[in-house]
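Colleague: Curious how this folds, go ahead:
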Amino acid sequence: MEEGLPERGNVTEMLKAWSDGNRGAAESFMPLVYEELRRQAHRYLYRERRNHTLQTTGLVHEAYLRLVDQRDVTWQNRAHFFAIAAQMMRRILIDYAIRRNRLKRGGTSEDVTLDDALGLANKEKSIDLLSLDEALTRLEQLDEQQARIVELRYFSGLSVEETAEVLGKSASTVKRDWAMAKAWLKGQLS
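Modeller: Residues are numbered from 1 along each chain as shown. The predicted structure is shown next:
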């Protein structure tokens, strides 16, 4: 084992060592979380249009490159890491959609059902990913916590309990805010 490197199984210690500038910890940490990042990326891409050209591996690798470049993050724990990874993946997909859909290039807007986007019962309504991102940005201005909950639940696929842990809130608060955020977004996107 490399000197100053936490044991391989202790993810939180590895994250803290990475925060303290130990690049070896980052290199050792990533193989431990790679499969979870792949599952997270797969959940994102599953909700995308069927003919999406960005693949799971490409999304994971792009997120990885952005994550290892983080200099000012003090990693708290595994859930915090995956929350940041979710933000990275969301940004990558939004950037990808913007590039792909530029009108000057002849791109068109790709729709995803509101049910797919938010887990709602109404499958007849559809929205595009850029509209969802704009709505989340507006929600963030109104209620940052609700926007964060949507990001963690939808984009990261975290459970209510995991989301509560990341935010330091109770599960009942997360459930309530999740329901309110979904209702608000449904109104904005319909």
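
Colleague: Quick one, grab the pLDDT at Arg50.
Modeller: Arg50 carries a pLDDT score of 63 in this model.

Colleague: what ranges do the strands span in the chain?
Modeller: Secondary structure of the chain by DSSP state E: the strands cover 111-113, 126-128.

Colleague: hey, least reliable of the ones you listed by pLDDT?
Modeller: Looking at those, the bottom one is strand 111-113 with a mean of 46.

Colleague: and Asp177, how far is that from Leu65?
Modeller: Distance of Asp177 to Leu65, given as CB to CB, to the nearest Å: 32 Å. Every C-beta, even on glycine, is put in place using the N, C-alpha and C of the backbone.

Colleague: try Gln141
Modeller: 30 Å.

Colleague: More neighbours: the two, which one.
Modeller: Set Gln141 next to Leu65 and count neighbours by other CB atoms under 10 Å: Leu65 wins out with 11 against 8.

Colleague: can you pull the contacts of Ile92?
Modeller: The contact partners of Ile92, taken as CB atoms under 8 Å, 6 or more residues apart in numbering, are 54, 59, 62-63, 66.

Colleague: repeat that with 10 Å
Modeller: 41, 44, 54, 58-60, 62-63, 65-66 (CB atoms under 10 Å, 6 or more residues apart in numbering).

Colleague: Are any of the residues you listed buried, and if so which?
Modeller: With neighbours counted using 16 or more other CB atoms under 10 Å, the contacts of Ile92 contain these buried positions: 41, 44, 54, 59-60, 62-63, 66.

Colleague: If you drop the residues flanking it in sequence, what lies closest to the spatially most central residue of the chain?
Modeller: In the chain, the residue lying closest to the centroid (CA atoms, centre = their mean) is Ala86, at 1.9 Å. In this structure, Ala86 finds its nearest non-sequential neighbour in Ser156, 3.2 Å apart by CB to CB, 6 or more residues apart in numbering.
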